[in-house]
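Undergrad: Here's a sequence, model it:
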Amino acid sequence: MTLSYSHAHQQGSGTTEVVAVLVAITDHTASVLTVDQGKLLPNGPLMPLHRSLQAGVRQWVEEQTLQPLGYLEQLYTFVDTNRRNIDGHALVYVSYLGLVQEAQTSQLQSKALWRDWYDYFPWENHLDGEPVLIKRLIIPALLQWANAATDALTQHRRQQRIGLCWGVCEKSLDTKSDDESSNDQQASNHKISEKRHDSELTGNDNWVAEHVLLRYEMLYEAGLIPEAPTYPPIYLTSDQPNNLPAEWSRIIGVPMYYDHRRVIATAISRLRAKIEYRPLIFGLMPDVFTLSQLQQSVEALSGMGLHKQNFRRLLDAQNLVMPTGESSNAQRGRPAKLYRFRHDIELQSLLMDSKLPKRK
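TA: Modelled structure (predicted):
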């Protein structure tokens, strides 16, 4: 896939542009705001009229999407050596992370779209158990990449990285025979949408949710995603059997132009790490909510199921929320109590040293 794109910024003489990752929880789903049919994040060049980087990103987001911005923090600075301005200089883009409450999601421009972030990273969604594509497709392909290294030391280090990034036990990294791989591939083509709790290769105990960027960059390095310049990888088409199904580019997530999928991966990593020690989740919640809504929102971000009782004990211990004295208008069952965030708590100390309880 050639990710060239006719874009006005490429014709300018500037070297800096800004890009925004806006995140919202809509219908208990973690979503990102995109433009150009989900192929780009809101972005634009830094202009002389912009008083600051934040002023630039706010202007481009509101102009391209009509979405007003609230909380915003600088995420990362990237250098895109594959894109040049008219003077031949590589482009630098500064990324920002913004949070939007569901009630604040506005009527968007026709080319703007909220997309489920697991459309771009399907291997990160463990809400219904481990995605079957990890064990049956991704790990075998990465092992072939590891074994394709020219020396034993590099092969070993790649295998170690696979284990650390994907939660794979080292003893499980033995390469299967060609017949076994072929049989697994045939089965996976029919069952790729299945999820399961089985942890033979990976499992919740070894899976580190915030390693999103590390996993994405490994797939990029191995040439297993369409954005990579080495896609499809040579090592899968030469002396080793090609284990990638014909629909691999669809299975591995929606590709994006430039490095924008990497920017989203960076944002998810940042959010997943921060929700364990800062109350960022409340920047995504409505003013009042039920405890179930709060738990479902945290689960949507982390991609992991949480233990209900442990989650509520954590809230009580940290004194994070307080009841409003009102209840939800439930259509079924007993109305649930409504809560709100305790604004009198020191924000920097919330959830400090407290890990989110995982579902057992």
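
Undergrad: looking at the chain, which helix or strand is least sure?
TA: When each helix and strand of the chain is scored by mean pLDDT, DSSP states H and E, strand 195-196 comes last, with a mean of 40.

Undergrad: So which bits of the next helix or strand along the chain from that strand are buried?
TA: Sequence order places helix 212-221 as the next helix or strand after strand 195-196, per DSSP states H and E. For helix 212-221, the neighbour count (16 or more other Cβ atoms under 10 Å) marks 212-213, 215-220 as buried. Any C-beta I mention is one placed from the backbone N, CA and C, and that applies to glycine too.

Undergrad: Run through the residues that contact residue 46.
TA: Neighbour list for residue 46: 14, 16-18, 53, 56, 94 [criterion: Cβ atoms under 8 Å, 6 or more residues apart in numbering].

Undergrad: Over to residue 78?
TA: Applying Cβ under 8 Å, 6+ apart, the residues near residue 78 are 92-93, 95, 259, 262-263.

Undergrad: Which one of those residues is nearest to residue 82?
TA: Proximity of the contacts of residue 78 to residue 82 (Cβ to Cβ) peaks at residue 259, which lies at 8.3 Å.

Undergrad: Phi and psi next, for the closest one.
TA: When read as degrees, to the nearest 10, the backbone of residue 259 gives phi -110, psi 30.

Undergrad: ok, now how distant is it from residue 268?
TA: Using Cβ to Cβ, to the nearest Å, residue 259 is found at 15 Å from residue 268.

Undergrad: which of those two has more neighbours?
TA: Of the pair residue 259 and residue 268, residue 268 is the one with more neighbours under other Cβ atoms under 10 Å, namely 28 against 22.

Undergrad: Does anything pack onto the helix or strand hosting the more buried one? Which helices or strands?
TA: Counting by DSSP H and E, the element that carries residue 268 is helix 260-274. Packing partners of helix 260-274 (3 or more Cβ pairs under 8 Å, 6 or more residues apart in numbering; DSSP states H and E): strand 16-26, strand 71-84, strand 90-100, helix 212-221, helix 291-302.

Undergrad: I'd like those as JSON lines, with mean pLDDT and distance to residue 160 appended.
TA: Below are the helices and strands packed on helix 260-274 laid out as JSON lines (pLDDT from 0 to 100; distance: least, Cβ to Cβ, whole Å):
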{"stretch": "strand 16-26", "mean pLDDT": "91", "distance to residue 160": "30"}
{"stretch": "strand 71-84", "mean pLDDT": "83", "distance to residue 160": "25"}
{"stretch": "strand 90-100", "mean pLDDT": "88", "distance to residue 160": "29"}
{"stretch": "helix 212-221", "mean pLDDT": "97", "distance to residue 160": "12"}
{"stretch": "helix 291-302", "mean pLDDT": "93", "distance to residue 160": "25"}
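
Undergrad: Highest mean neighbour count out of the ones you listed?
TA: Most buried of the helices and strands packed on helix 260-274, by mean neighbour count (mean count of other Cβ atoms under 10 Å): strand 16-26, with a mean of 23.

Undergrad: looking only at pLDDT, what's the mean for the helix or strand following that strand?
TA: Following strand 16-26 in sequence order, the next helix or strand is strand 29-35 (DSSP H and E). Averaging pLDDT along strand 29-35 gives 94.

Undergrad: Mind picking the two most distant members of the buried residues of helix 212-221?
TA: Farthest pair in the buried residues of helix 212-221, by Cβ to Cβ: 212 and 220, 12.6 Å.

Undergrad: what's the closest non-adjacent residue to residue 84?
TA: Take residue 84 and drop its neighbours on the chain: the residue closest to it by Cβ to Cβ, 6 or more residues apart in numbering is residue 90, 6.2 Å away.

Undergrad: What of residue 148?
TA: Distances taken as Cβ to Cβ, 6+ apart put residue 235 closest to residue 148, at 3.7 Å, once the chain neighbours are dropped.

Undergrad: Report the contact partners of that neighbour.
TA: By Cβ under 8 Å, 6+ apart, the contact set of residue 235 is 144-145, 148.
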